[in-house]
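In: sequence and predicted structure below; questions after.
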Amino acid sequence: MQLNANQLAASKFKNGIASVVAVPGSGKTLTMTNRIAYLIQHHGIAPESILGLTFTRNAAQAMRDKLRPMLNDVAARVTLSTIHSFCYTVLKDAGKSFELLHGKEQIRFIRIIMKKHKIRTLSPGTILREISLAKNNIIGAEEFREIYLDDPTMETIGVIYQAYEEEKTKSYLLDFNDLIIEVCRLLKNTPEIREKYQQTFRHILVDEFQDTNPAQAEILNLLVGKSKDCSFYVTGDDWQSIFNFIGASVGNLLNFKKTFPGSEQFILDMNYRSTPQILTACFNLIQHNVRKIEKSLLTQNPDGQAVLVIDASNEDDEAIKIAQEIQGLVSDKFTHHDIAILYRANSQSRVIEDVFSQNDIPYHIENGMTFYQRREVKILLDYLRLIHDPGSVVGDDALKNVINAPNRYMGKKFMAELEDFAMNENHNHLYDALKRKPVAVPYLKHNIREFIKLIDSLMHKIKNAEPAEMIMMLRETLDYDRWISEDDIPSPDDNLIANLNELQIAASKYKDIPTFLNYTDSFKEQNRNDKEGVSLMTIHKSKGLEFPVVFCIGFVDGVMPNVCGDIEEERRIAFVGVSRAMKLLFLSHTTTRMGRSAKQSPFLDEILGNK
């Protein structure tokens, strides 16, 4: 593809410091890879002296895929990496001995510390989130405690933060945030190592710079070489900065010229993705943000249709109208694969999935599970399966899934013994075996007795209760919302709680449990995970993607913008959603949501140019 004048100028940049501010669909990655090729082929730069940093493995691979046809085997000699992977390598090369702590092990680790300190009022997730944000802003445990001296909750987190750091140090463990912090410290305090990397990588390129946090930005500043034959080159778009919730700072790009006086700025404002009508909608919206880099949003693409608005009375009506539109589009010239449904929160997929299932519209959840397979939903469905039919293979599988939800301390060994007992004693199914199996350990005996009491009482009520009532009984009896969210007082805005509320609404449409369970089981069929079907995903997951047809749903105040979000960040999220569309853009809203009156999102009028 031939570069336009702005792309070419940005590609030819050789030495010094520059930022490339690129609107959606303007060929940012193409420009960045062309610059790498230009450095090697036209400026005679050694491939080994070039470092390209991204934030995801997929982005790094996409850059490599674009470089290979330009440079052939030479492409492999350029270092392209995520920033975390680069930091891991730096620490290992420096001789630091450590293992990575992440995922479930990290949760387990923090739980042990909480138990030692008798902390029961906060969830591990909340504590780890606050620790992560502090580290992203280069705030250590001691400074954290000083900052929050007058805040009892944050002070408690500070105590755990300090203990967490001490225990990790004893065990030679680092979490993902530590990779950044440790490299930051290493480069700052060890001039010979800093100079080594400045000499090794004389040309540094960073993609999606608007997504950097202060700690990452500090590392990049330390890596920038001081000599005239070095370069530091970043690309990004402040309009698409949507990761503030994990510590990303749009200010890193907004203030780039102040941070690096004399740096050059290239603007890529020609969009190759969307129709003029879609781009007008995008531009109308983002102009309402105050903190932004001024730029145009141009295209030479031919005219298309105006942005279409779907007015619906409620979520079911919204989903039905979307399904009807899709059926019309597919009978015309589009395929299901051309279409994406984008939403602000995962819980919004439930109604869409239900209606698509009823209308045989194939779909898949991008990088996620269908609604009825999500853990917090599946556990409640398994409770219903066990209560409905304990003497069946389905009941056996359900029991294994719910016996420790919440935790009743029945481990793998106990469950294996239970299965053996059921087989050897001719108790055909596990629930019957659980009632009869001798248990010597007092706490296990107590927990089993309480579990049986719960299930038996619910089995008695099932005859007269509808599915939605049973789900509510389970939520209340198990204190399920608190358990699943790990919050002392679960917030209705919590995504997990929102999913439970959606399950309740779905169940309310059925009079008996077998019919409801048969319906939810239908989502295991092939057309519910059809990669050639309609793509369903959150707007955050859609970043970097494009589709001929996009439906952005739920333009309701409190949903988009989210009730808890910063208004400029929320507007950028909406901007990312609408700017995924190539040919057709649909926006939908409802007059009621979750059975209550709903206000239209202010973003809708902004997009349509009414504000």
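Out: Looks like it came in fine. Numbers count the residues shown, from 1 in each chain.
In: quick check: next helix or strand after the lowest-mean-pLDDT helix or strand in the chain?
Out: Using mean pLDDT, DSSP states H and E, the weakest-scoring helix or strand in the chain turns out to be helix 480-485, at a mean of 81. Next along the chain after helix 480-485, taking DSSP states H and E as the criterion, comes helix 495-507.
In: by contact count, what packs against the helix or strand following that next one?
Out: Going down the chain from helix 495-507, the next helix or strand is helix 513-521, by DSSP H and E. Applying 3 or more CB pairs under 8 Å, 6 or more residues apart in numbering; DSSP states H and E, one finds that helix 513-521 contacts helix 375-388, helix 467-477, helix 495-507. Where you see a C-beta, it was placed from the backbone N, CA and C, and this is true even at glycine.
In: JSON lines for the ones you listed, including mean neighbour count and mean pLDDT?
Out: Output for the helices and strands packed on helix 513-521, formatted as JSON lines (neighbours: other CB atoms under 10 Å; pLDDT from 0 to 100):
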{"stretch": "helix 375-388", "mean neighbour count": "22", "mean pLDDT": "93"}
{"stretch": "helix 467-477", "mean neighbour count": "18", "mean pLDDT": "90"}
{"stretch": "helix 495-507", "mean neighbour count": "20", "mean pLDDT": "87"}
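In: any idea which of those helices gets closest to E315?
Out: helix 495-507 (8.1 Å; CB to CB).
In: can you confirm E570 is in a helix?
Out: Yes - counting by DSSP: H, G, I helix; E, B strand; the rest coil, E570 is located in a helix.
In: can you count the residues close to it?
Out: 21 (other CB atoms under 10 Å).
In: where does it land on pLDDT?
Out: We have a pLDDT of 95 for E570.
In: show residues contacting the helix or strand encompassing K583.
Out: Using DSSP H and E, K583 sits within strand 581-590. By CB atoms under 8 Å, 6 or more residues apart in numbering, the residues outside strand 581-590 that reach it are 273-275, 277-278, 281, 304-305, 307-315, 317-318, 321-322, 325, 329, 546-556, 578, 598, 600-601, 604, 607.
In: give the next helix or strand downstream of that strand.
Out: Next element after strand 581-590 (DSSP H and E): strand 592-593.
In: tell me the gap between that next one and the middle of its chain.
Out: Relative to its chain's centre, strand 592-593 lies at 25 Å (CA atoms, centre = their mean, to the nearest Å).
In: and it, which strands flank it?
Out: Sheet pairing of strand 592-593 (DSSP bridges) gives strand 596-597 (antiparallel).
In: helices and strands around the next helix or strand after the partner strand, which ones?
Out: Downstream of strand 596-597, the next assigned helix or strand under DSSP H and E is helix 602-607. Secondary-structure packing of helix 602-607 (3+ CB pairs under 8 Å, 6+ apart): helix 276-286, helix 567-578, strand 581-590.
In: wait, is H446 part of a helix?
Out: Yes - counting by three-state DSSP, H446 is located in a helix.
In: for W239, see how far away it is.
Out: 58 Å (CB to CB, to the nearest Å).
In: how about the helices in the stretch 301-450 of the chain?
Out: Under the criterion DSSP state H, counting those that start in this stretch, the stretch 301-450 of the chain contains helices at 315-332, 349-358, 375-388, 393-402, 412-424, 430-436, 442-461.
In: name the residues of the first one that are buried.
Out: Put plainly, it is helix 315-332. E315, D317, E318, A319, I320, K321, I322, A323, E325, I326, L329, V330 (16 or more other CB atoms under 10 Å).
In: ditto for the longest one
Out: Within helix 442-461, the residues that qualify as buried by neighbour count (16+ other CB under 10 Å) are N447, I448, F451, L454, I455, L458.
In: okay if I get these as TSV plus distance to V402 and pLDDT?
Out: TSV is the format used below for the buried residues of helix 442-461 (distance: CB to CB, whole Å; pLDDT from 0 to 100):
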residue	distance to V402	pLDDT
N447	13	90
I448	13	91
F451	9	92
L454	10	91
I455	9	92
L458	11	90
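In: of all those, which comes closest to S296?
Out: When the buried residues of helix 442-461 are compared against S296 (criterion: CB to CB), the nearest one is L458, at 61.8 Å.
In: wait, that closest one sits on I387?
Out: Yes - at 4.9 Å, L458 counts as touching I387 under the criterion of CB atoms under 8 Å.
In: overlap in contacts of these two?
Out: With CB under 8 Å, 6+ apart, L458 and I387 have common neighbours M470.
In: before we move on, the earlier item: could I get the buried residues of helix 315-332 as JSON lines with pLDDT and distance to V234?
Out: Compiled in JSON lines, those are given as follows (pLDDT from 0 to 100; distance: CB to CB, whole Å):
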{"residue": "E315", "pLDDT": "95", "distance to V234": "41"}
{"residue": "D317", "pLDDT": "96", "distance to V234": "45"}
{"residue": "E318", "pLDDT": "97", "distance to V234": "40"}
{"residue": "A319", "pLDDT": "96", "distance to V234": "41"}
{"residue": "I320", "pLDDT": "97", "distance to V234": "45"}
{"residue": "K321", "pLDDT": "97", "distance to V234": "43"}
{"residue": "I322", "pLDDT": "97", "distance to V234": "38"}
{"residue": "A323", "pLDDT": "97", "distance to V234": "43"}
{"residue": "E325", "pLDDT": "97", "distance to V234": "40"}
{"residue": "I326", "pLDDT": "97", "distance to V234": "39"}
{"residue": "L329", "pLDDT": "96", "distance to V234": "39"}
{"residue": "V330", "pLDDT": "95", "distance to V234": "41"}
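In: and G158, what is it in contact with?
Out: Here G158 is in contact with A141, F144, R145, Y148 (CB under 8 Å, 6+ apart).
In: tell me the pLDDT of it.
Out: Model confidence at G158 (pLDDT) stands at 93.
In: for it, which non-adjacent residue is spatially closest?
Out: R145 (3.7 Å; CB to CB, 6 or more residues apart in numbering).
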